[in-house]
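Chemist: I'd like to go over a predicted model; first the sequence, then the structure.
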Amino acid sequence: RIRLPVQKRPETRVRSLGCRLPPAASESLLPPTWLVSREEEFQAQEAGLCDPTVAAALMWRRTPENMTILQIYFRQDRDEVLDNLLAFVCAIWPEIHENYRING
């Protein structure tokens, strides 16, 4: 066998570690007031989502809309399925098989 010379890979450049800060480090450099306001916004959103009256009102408001949409889709799909089924069942074209012997 003939051995071919192995090509060496070029050395990869080493990236400097200080080019980008991880997300936690970048947030720690922000002023504390911004972090406090962000935490307050999160607490307010979480409290609004966990309130059972808000969730119940949202459910009662969205349920009729979703039901009408589902009924419309059901009617459309039902008509399409019945049309396809009738076309499949009623499309019968009797043919004589090529191997059938008429004169026995």
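Modeler: Now that the structure is in, tell me what you want to look at.
Chemist: What segments of this structure are helices?
Modeler: 23-28, 32-50, 52-90 (DSSP state H).
Chemist: Now tabulate the ones you listed in JSON lines and tack on mean pLDDT, mean neighbour count and distance to residue 97.
Modeler: For every residue, glycine as well, the C-beta is placed using N, CA and C. Formatted as JSON lines, these follow (pLDDT from 0 to 100; neighbours: other CB atoms under 10 Å; distance: least, CB to CB, whole Å):
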{"stretch": "helix 23-28", "mean pLDDT": "58", "mean neighbour count": "10", "distance to residue 97": "73"}
{"stretch": "helix 32-50", "mean pLDDT": "77", "mean neighbour count": "10", "distance to residue 97": "68"}
{"stretch": "helix 52-90", "mean pLDDT": "85", "mean neighbour count": "10", "distance to residue 97": "21"}
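Chemist: got those helices as JSON lines, with distance to residue 102 columns?
Modeler: Converted to JSON lines, the helices of the chain look like this (distance: least, CB to CB, whole Å):
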{"stretch": "helix 23-28", "distance to residue 102": "84"}
{"stretch": "helix 32-50", "distance to residue 102": "78"}
{"stretch": "helix 52-90", "distance to residue 102": "28"}
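Chemist: Out of those, which gets nearest to residue 100?
Modeler: helix 52-90 (24.3 Å; CB to CB).
Chemist: Tell me which of the helices of the chain lies nearest to residue 98.
Modeler: helix 52-90 (24.0 Å).
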